[in-house]
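J.: Need a 3D model of the sequence below.
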Amino acid sequence: MGKALVIEHDETGPVGGVGERLVEHGFELHPFRVLDDPSDPVCTKEFPDPTNYDVVVVLGSPWSVCEKGPIESWIDREIDLVRNAHRSGTPVLNTQIPDRPRGVLRSSSISTVLGAIP
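T.: Just a heads-up that it's a prediction; the model follows:
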């Protein structure tokens, strides 16, 4: 059975259908919730090592990587996690949350890792 690391930013960003498909294909889900309280977007938790997983799924978020102010306590660590997964050959899937008007952070973190956003 494969292991999927699922990065959730708060309780409003569950893995949903993507998680169901992963489970159907034999993956065990390992959620990591960045924030306990989205009204206070500070995280001091240690981020998991993505190389311990077969796939990394990064869910959408209302914050933008281009506006680091509110998320400066953790966004660079998340970008490093995605970078380490990419460098090690661990597949990374990022998803958007359609009902969030600014759910672009994850594409931006992937884009940052791949050099599209400085």
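J.: Strands of this protein, residue ranges please.
T.: Applying DSSP state E to the chain gives strands spanning 2-8, 27-33, 55-58, 92-94.
J.: Relative to residue 47, which of those is closest?
T.: With CB to CB, the closest approach to residue 47 among the strands of the chain belongs to strand 27-33: 7.1 Å. Any C-beta I mention is one placed from the backbone N, CA and C, and that applies to glycine too.
J.: Just the C-alphas of the closest one, formatted as PDB.
T.: Extracted in PDB, the C-alpha atoms of strand 27-33 (Å, rounded to 0.1, in the frame of the first residue of the first chain):
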ATOM      1  CA  PHE A  27      -3.100   4.700  -0.800                       C
ATOM      2  CA  GLU A  28      -3.100   5.200   2.900                       C
ATOM      3  CA  LEU A  29      -3.800   8.900   3.700                       C
ATOM      4  CA  HIS A  30      -1.600  10.800   6.100                       C
ATOM      5  CA  PRO A  31      -3.100  14.200   6.700                       C
ATOM      6  CA  PHE A  32      -1.000  17.100   8.000                       C
ATOM      7  CA  ARG A  33      -3.000  20.100   9.000                       C
END
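J.: and that strand, what other elements does it pack with?
T.: Secondary-structure packing of strand 27-33 (3 or more CB pairs under 8 Å, 6 or more residues apart in numbering; DSSP states H and E): strand 2-8, helix 16-24.
J.: Could I get the average pLDDT for the longest one?
T.: Across helix 16-24, pLDDT averages out at 89.
J.: quick one: low-confidence parts of the chain?
T.: 13, 96-118 (pLDDT under 70).
J.: could you measure the closest residue in space to residue 68 that isn't next to it in sequence against residue 38, distance?
T.: Nearest residue to residue 68 in three dimensions, chain neighbours excluded: residue 75, at 5.6 Å (CB to CB, 6 or more residues apart in numbering). As for residue 75, its distance to residue 38 is 14 Å (criterion: CB to CB, to the nearest Å).
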